[in-house]
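# One predicted model, sequence on top.
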Amino acid sequence: MKFLLKMIITIGVFLFSITSSYSQTIDVKKGMKKKEHKYGEVSILIINEKAHFKDSLTVLLTGFSHKEPYVGGPTKATAYFTVSRGDIIEKISISSHGRDGHPEIYYDSLSWNKYEFNLKSMDYDNSINVIISKNKEPSSD
């Protein structure tokens, strides 16, 4: 009886160790290519996901805040992100504005270095839709 019990435990341990050591885990990010965003087109920036552009501009949406309005008062929601290119790294923000109880929303634009950011919409706490344009560099005629 003791022999049978030892045999069952030994086989169980052996089978358990095989399945745990040979189990497959799939690294989802390993096989994914980073998406390259294009200037002049709507880019969806998702919170905590880097957006890469052809000339090494990187944009990372990091958070949101909003102003609590009084009844009928102004509203403001702000998206915060970090932009970097080369050795330059800065934190910037862009906002949407409205009035409590009114459907009209106005979206900010801002310039950073040679880039223009035009906010198009905001899915608060998740993402923003923005058009990022690269200003033409002056010609050296």
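Structure's in. What do you need?
# Whichever strand or helix holds Gly63: how far from the chain's middle?
Element membership for Gly63 (DSSP states H and E) is strand 58-67. Put simply, strand 58-67 sits 9 Å off its chain's centre (C-alpha atoms, centre = their mean, to the nearest Å).
# do stretch 127-137 as well
Remark: stretch 127-137 is offset 15 Å from the chain centroid, using C-alpha atoms, centre = their mean.
# Same check on stretch 44-63?
6 Å.
# Enumerate the positions of it that are buried.
Going by neighbour count (16 or more other C-beta atoms under 10 Å), the buried part of stretch 44-63 is 44-45, 47, 51, 53, 57, 59-61. No exception for glycine: its C-beta is placed from N, CA and C like everyone else's.
# So which other helices or strands are in contact with whichever strand or helix holds Asn129?
Per DSSP H and E, Asn129 falls inside strand 127-134. Packing partners of strand 127-134 (3 or more C-beta pairs under 8 Å, 6 or more residues apart in numbering; DSSP states H and E): strand 42-46, strand 58-67, strand 115-123.
# so can I have CSV of those strands showing mean pLDDT and distance to Ile9?
Output for the helices and strands packed on strand 127-134, formatted as CSV (pLDDT from 0 to 100; distance: least, C-beta to C-beta, whole Å):
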stretch, mean pLDDT, distance to Ile9
strand 42-46, 96, 49
strand 58-67, 96, 52
strand 115-123, 96, 55
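# These into CSV, with extra columns for distance to Tyr106?
CSV is the format used below for those (distance: least, C-beta to C-beta, whole Å):
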stretch, distance to Tyr106
strand 42-46, 18
strand 58-67, 14
strand 115-123, 9
